[in-house]
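Student: Next input, structure requested:
(6 chains)
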There are 6 protein chains.
Amino acid sequence: MRPSNRTAAQTRPITITRNFTGHAEGSVLVEFGETKVLCTASFTEGVPRFLKGQGQGWVTAEYGMLPRSTHSRMDREAARGKQSGRTQEIQRLIGRSLRACVDMKALGENTIVIDCDVIQADGGTRTASITGACVALVDALNFARSKGIIKTNPLKFLIAAVSVGIYKGEAISDLEYLEDSEAGTDMNVIMTETGKMIEVQGTAEGEPFSHEELLEMLELAKNSIREIVDVQKTALN
Amino acid sequence: MRPSNRTAAQTRPITITRNFTGHAEGSVLVEFGETKVLCTASFTEGVPRFLKGQGQGWVTAEYGMLPRSTHSRMDREAARGKQSGRTQEIQRLIGRSLRACVDMKALGENTIVIDCDVIQADGGTRTASITGACVALVDALNFARSKGIIKTNPLKFLIAAVSVGIYKGEAISDLEYLEDSEAGTDMNVIMTETGKMIEVQGTAEGEPFSHEELLEMLELAKNSIREIVDVQKTALN
Amino acid sequence: MRPSNRTAAQTRPITITRNFTGHAEGSVLVEFGETKVLCTASFTEGVPRFLKGQGQGWVTAEYGMLPRSTHSRMDREAARGKQSGRTQEIQRLIGRSLRACVDMKALGENTIVIDCDVIQADGGTRTASITGACVALVDALNFARSKGIIKTNPLKFLIAAVSVGIYKGEAISDLEYLEDSEAGTDMNVIMTETGKMIEVQGTAEGEPFSHEELLEMLELAKNSIREIVDVQKTALN
Amino acid sequence: MRPSNRTAAQTRPITITRNFTGHAEGSVLVEFGETKVLCTASFTEGVPRFLKGQGQGWVTAEYGMLPRSTHSRMDREAARGKQSGRTQEIQRLIGRSLRACVDMKALGENTIVIDCDVIQADGGTRTASITGACVALVDALNFARSKGIIKTNPLKFLIAAVSVGIYKGEAISDLEYLEDSEAGTDMNVIMTETGKMIEVQGTAEGEPFSHEELLEMLELAKNSIREIVDVQKTALN
Amino acid sequence: MRPSNRTAAQTRPITITRNFTGHAEGSVLVEFGETKVLCTASFTEGVPRFLKGQGQGWVTAEYGMLPRSTHSRMDREAARGKQSGRTQEIQRLIGRSLRACVDMKALGENTIVIDCDVIQADGGTRTASITGACVALVDALNFARSKGIIKTNPLKFLIAAVSVGIYKGEAISDLEYLEDSEAGTDMNVIMTETGKMIEVQGTAEGEPFSHEELLEMLELAKNSIREIVDVQKTALN
Amino acid sequence: MRPSNRTAAQTRPITITRNFTGHAEGSVLVEFGETKVLCTASFTEGVPRFLKGQGQGWVTAEYGMLPRSTHSRMDREAARGKQSGRTQEIQRLIGRSLRACVDMKALGENTIVIDCDVIQADGGTRTASITGACVALVDALNFARSKGIIKTNPLKFLIAAVSVGIYKGEAISDLEYLEDSEAGTDMNVIMTETGKMIEVQGTAEGEPFSHEELLEMLELAKNSIREIVDVQKTALN
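Tutor: From the prediction side, this is the model:
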């Protein structure tokens, strides 16, 4: 039924490559099939003005797509002079999710900026971004600990994300572009490594969805995220 | 337990005033307690360029807060020269939700622009906006039918929205600002008048939430939305 | 002769509602007939950088129109990314006029920001804004005095404003939209409660106007403003 | 009494140099003492979209100050990315005034853009701009007639402008910067060559002004404008 | 003498990987040592409005750096809302150079947009970009020929680029970041495959340079470019 | 052969008028034939934040064209809300060149801002700007020395600039607009008063150019710049 002949519950091949570029404290290329996102985590001492003197850190995120990461070329946001609403929505989601897994007191007055730049898009860029960014974050935290800038590990738990949806009337996991563009419902789920929920965003693109469909999608997401966390852990070892 | 002595399941007093201003085809003041939003629906013939000649209509939304709708004054977005990420996220949500309840073919090549402007904010402005905007939309559609511009009713169903959350460890409905700013989890739910889901957005502001908490929140939302739809229907009669 | 059957010297019904919203230190809904403007005055301690340490305060104003306050929908300035020249011209006028009635030394190093947001427009929004803003300003000053932040009353005098013009060859007062759009000359007059002039802006929209017409318009303005100041005083008692 | 030893009614030396630059259809350097403004009028066939097919023309204006036209350097508006409110207010005034002296039907579907760029500022740049721009406009109209693009003369009358004010308690004409920065009241007056009024903008910078002061200022303005029109006419012959 | 122990004339290892991403008609990863740039060429039918109906094509370029391609994180230009002067200067250079190697008549009314996005920066990003973009351009032209959209080959010649400079008093080729930041003179040279010049930009960062130094740098550039063209040709076969 | 009947090596008449406007510390009108640029140098104490406390000064430049300095009117950059890539490229070039002739330590923590505003354009505006700006810079430095703000002369040498190119197959100097728009190659050369190079920017607009052509153009530039420096020196005495 699926264009890739995957089963409903089956994710695409997921790979995580650490140290993909050389300058960032954390630099990860994450691939969910043909979706490829470069996630970097930049650690700097100090916090934005609104947090100064409060003894706590800050984590924020920015997201972008290379103009030709998509089937037809998208306008470059830097040239248009503003980020689209979609971009802002996604980077707010990434930042919020990653803040949830960091103990800001333990981070101290330090800032981590996450950059997720989509090199190639085939659906699920926001969930791939969060999955890769979490690994880059861990690397940046380890960098800071190795330098003695922070003493204790601020990481509360790993998080990972997957998109699920209702496609041709059935719940499926990890939608690729072809599926995404036809899906009646699309849901992004972000969970901790122990299966608790960080964010759930379900949208009826076509018909409204039922409580039962919601439960089915959540079940798929839970299982996929468990697998994805394994990929993260393997990459980190 | 709640600052307002409401029960966990109890919404604030909800009122919907139609024809609040005179120029718009639909103009509704919606109040969820102290949260007051002016929702107008502007009907115009014609569609944006990307839809021309396809025999279907368009519904979009914009959202704003008056600078002093909040406790301390916010910068005016028009003066700062851009809309915040939060604003864009909310207006995308409003537009997407309202598009879900309109049959675009039946609308024909006509456009409805929804404006939701917050006069006074006390939590839940996005769910109040959607609730009021749906009524303004109905009025704009009725205007167009009375003028003979559209022949059949494009409305598929009413939608309404409410925010629910985990506050002091317990699921509650229709959070006001004091509750919202302390809630561990915040979830916005948009449903049709028959209880099907249009959008579910749950966010762990503090601790991750469990599957059970998600179910409890959904149950509260479902019941509150049923009541809110009754308020909409009463206002429309 | 006038669409509303008013006499040449007759203003529309003018009402001033204080405490229209709850958060602002001064919050006034001013209505000149169908023109309705929400004027808030936000009092904050401190002054902008260019005034620091000079022992004096600052008063400034911003103006906006809700997109559907007008007959056909106007673009939202926040979405377009800039305020129009008209908007800037009006908010500069409002700010300049209100600074004229405040003793900045007595205000001390405090700032009052006036926001005038047009809910519904039917001509004369700038003069209605100034009239309502002055009352909101008084409320904000009284708030600061009641809190002990300022010791003496910085208010030098009340100001009020009205538009006058030449319509069908005759001078009339308080033009509504239908009159405004046909008037050959349009003049906005702002006066103190004792009839001295703060600002006079007369513009020949069609034919140039004569010295005699100027004098006639000023005479009408003076009388109308006297009445409007009475409405302000009644509202303040 | 005046820094320049002028009498109250005396303007600065006023000169108008036509054909100051080579490319524009009208190009005038206007000098009011040390205030020097380059005014060009660009004639192009065609009108903006909102006027197409209505058989009438368009006149508009833009204004700018060179960054070091002033005592201390001002930010370049092009670099800051927006025009100030003051700039917009002035260019709206210039455009409105010049539209008043053109018969748009006689102009046909052609556009004249006026650019007023301040080379050196010493008070009264907006009134100098209008005075010079009117001459540049005449040259551009004559250019179009000589090319046969327009048949009849669209010019209804010449206009000229001057600033007057209350300085040290006395009404004076054509304020230079030192006077302007201390004046209690500042009024810009734009009149036709026959002494009718196009625009009157009086502002109480310090104390409110009286009806008598208004009349005195208008009388000075009328006389000065008569002289300035003579300078325009001499330049045009 | 050089940090990398290269000889003065020696370039870094240069690699060109075609088909690096999947959607673009041409997609090349070019590496000059640690400098890595993704160059895509997007072919679309049609031309911008200013060229319509002239029977010729258009080639343009955009350039960007990923925020953490550099040692310390740079602001994201999309978030700041504008491209820096440096970015604009570079993308103008890339576009101009590539237009020089295309016969616009043979291209027909088609457009090629080049995107050069720096994944990792270590000096010479603009010359690497031009070198890689030329290969991506060839791929896009071949795509269009294979589809029958263009009949004859519009490519006039290959171009390649290298930076040369005066470092510690000596002329060297292909500066890496450490060298670039200390070089007294920096020169970017773009040549055709037959050694003719497309663009020469030499800048004295420290001391002015002599005619002899200019000649030495040009000689180095010529030889390096000959080698780089070989790498291009090998990649294209 | 040349439209102006000049010989290949002959520049246009070049004049430099100091003290062209009154407020700036250096104010120069430079004319290369019909190209006229007003160059001002504004001296202020203090440096931008990134240089504070380093005991050195800063020199920067901005460039603009009056909208009707050109044959047909250009959009005003302040109104469009951004500077074009061409403008930024030119002002970066001017600033970089002038920084090369100032000893920043001797300048102390002071800033000089150069503004080059094109009054009339006929080719070569960037080279005329640099030539005039250098004289304005000298005046601003002399101002600061006469005020005792700086002790020693920070000027390392004068610089001047000229454009050269290949026109109808022959190298010519100081291209005017008609030549520039047809030239196959265009090269801007900036040299010190002793003939060393500050910047060389050669661009093949049409055909690539040869090494020999480069040398011919440089020879012309060297001779013309020698003459231009003489004009600068005469103006400064």
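
Student: residue contacts, the residue most central in space within chain A?
Tutor: Using CA atoms, centre = their mean, the residue of chain A that lies closest to the mean C-alpha position is A:Ile130, 1.2 Å off. By CB atoms under 8 Å, 6 or more residues apart in numbering or on different chains, the residues touching A:Ile130 are A:93-94, A:97-98, A:159-161, A:190. Any C-beta I mention is one placed from the backbone N, CA and C, and that applies to glycine too.

Student: same thing with A:Leu214?
Tutor: By CB under 8 Å, 6+ apart, A:Leu214 lies in contact with A:187, A:202, B:197, B:200, B:218.

Student: got the residues of chain A near chain C?
Tutor: A:Lys82 (CB under 8 Å from any CB of the partner chain).

Student: just the strands in chain A please.
Tutor: A:14-18, A:26-32, A:35-45, A:58-65, A:110-120, A:159-167, A:170-173, A:185-192, A:197-204 (DSSP state E).

Student: Can you tell me the strand partners of the shortest one and which way each runs?
Tutor: This points to strand A:170-173. When pairs are called by DSSP bridges, strand A:170-173 turns out to pair with strand A:159-167 (antiparallel).

Student: how about low-confidence regions in chain A?
Tutor: Scanning chain A for pLDDT under 70 picks out no residues.

Student: Measure how buried the residue nearest to A:Ser42 when sequence neighbours are not counted is and give me the count.
Tutor: Excluding its sequence neighbours, the residue lying closest to A:Ser42 (CB to CB, 6 or more residues apart in numbering or on different chains) is E:Arg73, at 4.2 Å. By other CB atoms under 10 Å in any protein chain shown, the residues close to E:Arg73 number 22.

Student: just checking, E:Arg73 touches E:Ala79?
Tutor: No: E:Arg73 is beyond contact range of E:Ala79, at 11.7 Å (criterion: CB atoms under 8 Å).

Student: ok, back up a step: how close does the residue nearest to A:Ser42 sit to A:Ile112?
Tutor: E:Arg73 sits 10 Å away from A:Ile112, taking CB to CB, to the nearest Å as the criterion.

Student: Please identify every residue contacting each of the two.
Tutor: Residues touching both E:Arg73 and A:Ile112 (CB under 8 Å, 6+ apart): A:42, A:44.

Student: Burial check on the closest residue to A:Glu179 other than its chain neighbours, number of neighbours?
Tutor: Closest residue in space to A:Glu179, ignoring its immediate chain neighbours: A:Tyr167 at 5.0 Å, by CB to CB, 6+ apart. Using other CB under 10 Å, A:Tyr167 is surrounded by 21 other residues.

Student: check contacts around A:Val118.
Tutor: Counting by CB under 8 Å, 6+ apart, A:Val118 makes contact with A:35-37, A:63-66, A:69, A:125, A:129.

Student: mind redoing it with 6 Å?
Tutor: A:Val118 is in contact with A:37, A:65, A:69, A:125, counting by CB atoms under 6 Å, 6 or more residues apart in numbering or on different chains.

Student: swap in A:Thr185?
Tutor: A:Thr185 makes contact with A:165-166, A:204, A:209 under the criterion CB under 6 Å, 6+ apart.

Student: Please check those residues and keep the buried ones.
Tutor: A:165-166, A:204, A:209 (16 or more other CB atoms under 10 Å in any protein chain shown).

Student: distance of the residue nearest to the centre of chain A from A:Ile90?
Tutor: Distance of A:Ile130 to A:Ile90, computed by CB to CB: 10 Å.
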